[in-house]
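Q: Sequence and predicted structure are below.
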Amino acid sequence: MTAEDYNDCVKLYADGLYRFMLKSTRSVEDARDLVQSSFEKLWEHRKEVNALKSKAYLFTIGYHKMIDLNRKNSRLEFRESMPEVAETTRVNSQRLKEILEKALTRLNEKQRSLVLLKDYEGYSYEEIAEITGLNISQVKVTLHRARLVLKEWLVSVENVL
Amino acid sequence: MDINRNNYESFFLLYLDRELSSTDKHEVEKFLIENSDLQKEFALLQQTMLIHDDTIFEPKELLFREEEKRRILPFYWMRIAAAVALILTTGWFIITAISKNHSEPKGVDHQPAIASTQSKQDPVKTNKENIVTEKSLAIADKLTEKKNSGKTILLKKESPNKLKGNTKDNLVETNNADQKGTSADVSDESSLAIQKSSAALEIQQDNLNMSADSKQVPVVAGATASALVIVSTDPKSQLKKEDAGLKESDYQTDNSISMIALDERNKSITGFFKKLTKANPDNNKTTSTRKLHVSVFQFSY
């Protein structure tokens, strides 16, 4: 890819990558650092990257960087305490979006990443498998389990509401 | 696809994840219609789908990049060419200057000295004088032609004793005893030169003293080696021939000096001095002031 292709990637994918990183790390600083380091690596390897696959390459870099960072910072425990969840459930249904984001904390790292890649970026199972290094069956199973966790969470909230 | 109440959840999720073909999607939709009690569960799973937010990364200038511009030297080769041309030109000038220094004698720079000295020491300088080198047979032959009117001056920058002894014998031999040789140390070749110009030497015996004195004249003072200088007169015809480059309307070229300069290695220079008399255009009388003017000077190394 050329420098122009790279800059097009910035325009097209920087927001999505940042969103993915922000939902995954829940830290603005970490998310920004991960985005910048991901694009830095993309720039370094731009001549080896096919422009058509630049997004997948970028998110692959970002995904693995995020995994490394979370492991380094021991930020794998996103599960919040029930009192906070209970407090969240007091909001009305119009804030379902925020509730779901909170529900992401109920997921483990892999489930959360796959849900984010699927819902935010619209990747197929195959593409997610390519990014994460999992096979398609693993992606499918992991995603289905994550949906069921989220569904249970929503059911619990609805019961509270 | 075989969707039923036992496996519908998986097909619902595949449907929501857009992983089904249009046909399979149609089957799921048909199943939902047929099993309306499962529509609530389908809706609940649909709510688990995250919705885009407006999160953006700013400023993106932190991420934009540009290729490093190559350093362009548009005149790179021109600079090299100019440098080469300068070097070649300088080298040419240096080589030219060196070759000039080697070939330019000794005699050239000191010609005015020769002339002025001779004009002081030789009051009879009314004839043309030539300076001929030993090896220049052509000029030597010219001197031979100048038997009757020529005047020869032999100059040698060397020890007087040696000069006197050897040169005298040579001159006597070559000039048939008309001259008292006092002028130069003559090697075999220089003797030959003198023989060649013997006709001039025998003309005026009174000039021998002058030629002996001229050993002290710095004729070849600039020379690094000893040299024999023979100055002799030439006939007018010869002068005119050699004075072809001058304007006779301005000068009367009735005098000239030919010179032979020899060094110890038998290197020689040939030259031609000419004594010019300024012509008076009004009454055709010549002025008394005479200048020694070099019209031709040739070096043969």
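A: Received the coordinates, thanks. Residues are numbered from 1 along each chain as shown, chains lettered A, B, ... in the order given.

Q: Which positions in the stretch 101-250 of chain B make contact with chain A?
A: The stretch 101-250 of chain B has no residues near chain A, with proximity defined as Cβ under 8 Å from any Cβ of the partner chain. For the C-beta atoms, the positions are set from N, CA and C on the backbone; glycine is no exception.

Q: What residue in the stretch 101-250 of chain B comes nearest to chain A?
A: Nearest residue of the stretch 101-250 of chain B to chain A: B:Asn101, at 62.6 Å (Cβ to the nearest Cβ).

Q: which parts of chain A sit against chain B?
A: By Cβ under 8 Å from any Cβ, the residues of chain A that approach chain B are A:3, A:6-7, A:10-11, A:14-15, A:17-19, A:22, A:32, A:35-36, A:39, A:43, A:96-97, A:100-101, A:104, A:115-116, A:118-120, A:122, A:124-125, A:140, A:143-144, A:147-148, A:150-151, A:154-155.

Q: Buried ones from those residues, can you make that a ChimeraX selection?
A: Of the residues of chain A next to chain B, the buried ones go into a single ChimeraX selection, burial set by 16 or more other Cβ atoms under 10 Å in any protein chain shown:
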select /A:6,7,10,14,15,17,18,19,22,32,35,39,43,96,100,101,104,115,116,118,119,120,125,140,143,144,147,150,151,154
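
Q: and the residues of chain A next to chain B, which of them are in strands?
A: Using DSSP state E, no member of the residues of chain A next to chain B falls within strands.

Q: coming back round to it: does the residue of the stretch 101-250 of chain B closest to chain A count as helix, strand or coil?
A: helix (DSSP: H, G, I helix; E, B strand; the rest coil).

Q: what about it, neighbour count?
A: The local packing of B:Asn101 (other Cβ atoms under 10 Å in any protein chain shown) involves 9 other residues.

Q: for B:Ser10, same thing?
A: 13.

Q: Would the helix or strand it falls within count as contacting chain A?
A: For B:Ser10, the host element (DSSP states H and E) is helix B:8-16. Yes. Counting by Cβ under 8 Å from any Cβ, chain A has neighbours in helix B:8-16: B:9-10, B:13-14, B:16.

Q: Can you list the helices and strands that that helix packs against?
A: If contacts are counted by 3 or more Cβ pairs under 8 Å, 6 or more residues apart in numbering or on different chains; DSSP states H and E, helix B:8-16 sits against helix A:136-160, helix B:22-34, helix B:39-47.

Q: nearest to A:Ser54, of the ones you listed?
A: helix A:136-160 (21.0 Å; Cβ to Cβ).

Q: now the closest one, how far from the chain's geometric center?
A: Remark: helix A:136-160 is offset 15 Å from the chain centroid, using Cα atoms, centre = their mean, to the nearest Å.

Q: now that helix against helix B:39-47, angle please.
A: Orientation check (axes from the mean of the first three to the mean of the last three Cα atoms, to 10 degrees): helix A:136-160 against helix B:39-47 gives 110 degrees.

Q: tell me what helix A:136-160 is packed against?
A: For helix A:136-160, the packing partners by 3+ Cβ pairs under 8 Å, 6+ apart are helix A:96-103, helix A:109-119, helix A:125-132, helix B:8-16, helix B:39-47.

Q: just the angle between it and helix A:96-103, please?
A: Put simply, helix A:136-160 runs at 120 degrees to helix A:96-103, going by the same axes, to 10 degrees.

Q: Report the contact partners of A:Gln138.
A: Counting by Cβ atoms under 8 Å, 6 or more residues apart in numbering or on different chains, A:Gln138 touches A:Ala129.

Q: Check the gap between it and chain B for me.
A: Going from A:Gln138 to chain B by Cβ to the nearest Cβ, to the nearest Å gives 14 Å.

Q: can you check A:Ile131 too?
A: Going from A:Ile131 to chain B by Cβ to the nearest Cβ gives 15 Å.

Q: hang on, the earlier thing: could you dump the helices and strands packed on helix A:136-160 into CSV and include mean pLDDT and distance to B:Met78?
A: CSV is the format used below for those (pLDDT from 0 to 100; distance: least, Cβ to Cβ, whole Å):
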stretch, mean pLDDT, distance to B:Met78
helix A:96-103, 81, 65
helix A:109-119, 93, 57
helix A:125-132, 94, 53
helix B:8-16, 94, 69
helix B:39-47, 90, 72
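
Q: so which of those is the most packed in?
A: Stretch with highest mean neighbour count among those: helix A:109-119 (a mean of 22; mean count of other Cβ atoms under 10 Å in any protein chain shown).

Q: What count of nearby residues applies to the closest residue in space to A:Leu107 that isn't next to it in sequence?
A: Nearest residue to A:Leu107, sequence neighbours excluded (Cβ to Cβ, 6 or more residues apart in numbering or on different chains): A:Ala146, at 5.3 Å. Using other Cβ under 10 Å, A:Ala146 has 25 neighbouring residues.

Q: what's the angle between the helix holding B:Ser10 and helix A:109-119?
A: 50 degrees.

Q: Can you list the low-confidence ranges for the stretch 51-200 of chain B?
A: Where the stretch 51-200 of chain B drops to pLDDT under 70, the residues are B:69-76, B:103-200.

Q: hey, which helix or strand in chain A has the poorest pLDDT?
A: Ranking every helix and strand in chain A by mean pLDDT, DSSP states H and E puts helix A:82-88 at the bottom, with a mean of 39.

Q: What is the nearest of the residues of helix B:8-16 next to chain A to chain A?
A: Nearest member of those to chain A, counting by Cβ to the nearest Cβ, is B:Leu13, at 5.0 Å.

Q: which residues sit in contact with that closest one?
A: A:143-144, A:147, B:45.

Q: Confirm for me that A:Thr25 is in contact with A:Leu69.
A: Yes. Between A:Thr25 and A:Leu69 a contact is recorded at 6.8 Å, counting by Cβ atoms under 8 Å.

Q: circling back: could you dump the residues of helix B:8-16 next to chain A to JSON lines with distance to B:Ser22?
A: Output for these, formatted as JSON lines (distance: Cβ to Cβ, whole Å):
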{"residue": "B:Glu9", "distance to B:Ser22": "21"}
{"residue": "B:Ser10", "distance to B:Ser22": "18"}
{"residue": "B:Leu13", "distance to B:Ser22": "17"}
{"residue": "B:Leu14", "distance to B:Ser22": "13"}
{"residue": "B:Leu16", "distance to B:Ser22": "15"}
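
Q: quick check, nearest of those to B:Asp54?
A: Distance ranking of the residues of helix B:8-16 next to chain A against B:Asp54, using Cβ to Cβ, places B:Leu16 first at 23.0 Å.

Q: quick one: contacts for A:Leu34?
A: Taking Cβ under 8 Å, 6+ apart, we find A:Leu34 in contact with A:17, A:21, A:25, A:62, A:65-66, A:69.
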